[in-house]
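**Q** My questions are about this predicted structure, shown below with the sequence.
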Amino acid sequence: MASNDIFTPTETVITPEAMLEHWQGHRRLTRHVIEAFPEDKLFSYSIGGMRSFSELAMEMIGMTAPGINGIVTGQWQTTDQLEHHTGKPGPATKAALLERWDDITAEIDRLWQEIPPNRFIERDLAFGQYEGTINSLLFYFIDNEIHHRGQGYVYLRSLGIEPPAFYNRD
């Protein structure tokens, strides 16, 4: 990730408000993907040995909550401390998973207001291993979510379920 920094201190390509809306748009779309899964398939279905979509969603949750906290405070958990690496069981129902998703979404909105504008161009070490500017780390979080959401699209299509339109971020 460190070699992919695309912002310098003198460039502004996207405002913090636009970045938040972009991220939250992706989160809304991923939420729709979670909703599209039948309850039993959300927790059990996989193809080719990949993890179930609930496990992928928990990875997204497990990075996002400590990620936004790390961005705000500069204090980061290490990778082995992230919830999806601890072995702690995640939510057991779709409703509980969606509630958890929504709680993190609200936390992002709440904490985002605490990020000073210059923080986005500061370098940091996320989770003890990913170095980059805050902008590049945010894009990593978004790209990771898009990657896993794509796996969810494959699962849904293989189940005969039309996934949500990729461009609909309402």
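**A** That came through fine. Numbers count the residues shown, from 1 in each chain.
**Q** What segments of this protein are helices?
**A** With DSSP state H applied, the chain shows helices at 16-36, 39-44, 53-73, 83-86, 94-112, 134-158, listed in chain order.
**Q** tell me the pLDDT at the residue most central in space within the chain?
**A** With distances taken as Cα atoms, centre = their mean, residue 60 lies nearest the centre of the chain, 4.1 Å away. At residue 60, the pLDDT value in this model is 95.
**Q** ok, back up a step: hey, which of the helices of the chain is tucked in deepest?
**A** Neighbour counts (mean count of other Cβ atoms under 10 Å) averaged over each of the helices of the chain peak at helix 53-73, with a mean of 21. All C-beta atoms are positioned from the backbone trio N, CA, C, and that covers glycine.
**Q** I'd like to know which elements it is packed against.
**A** Other elements packing on helix 53-73 under the criterion 3 or more Cβ pairs under 8 Å, 6 or more residues apart in numbering; DSSP states H and E are helix 16-36, helix 39-44, helix 83-86, helix 94-112, strand 123-126, helix 134-158.
**Q** could you measure residue 107 against residue 95, distance?
**A** The span separating residue 107 from residue 95 equals 19 Å under the rule Cβ to Cβ, to the nearest Å.
**Q** quick revisit: and residue 55, which of the helices and strands packed on helix 53-73 is closest to it?
**A** helix 83-86 (7.5 Å; Cβ to Cβ).
**Q** for the record, mean pLDDT for the closest one?
**A** 66.
**Q** re earlier: reformat the helices of the chain into JSON lines and put distance to residue 125 next to each item.
**A** Shown next, in JSON lines, are the helices of the chain (distance: least, Cβ to Cβ, whole Å):
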{"stretch": "helix 16-36", "distance to residue 125": "20"}
{"stretch": "helix 39-44", "distance to residue 125": "34"}
{"stretch": "helix 53-73", "distance to residue 125": "9"}
{"stretch": "helix 83-86", "distance to residue 125": "17"}
{"stretch": "helix 94-112", "distance to residue 125": "19"}
{"stretch": "helix 134-158", "distance to residue 125": "9"}
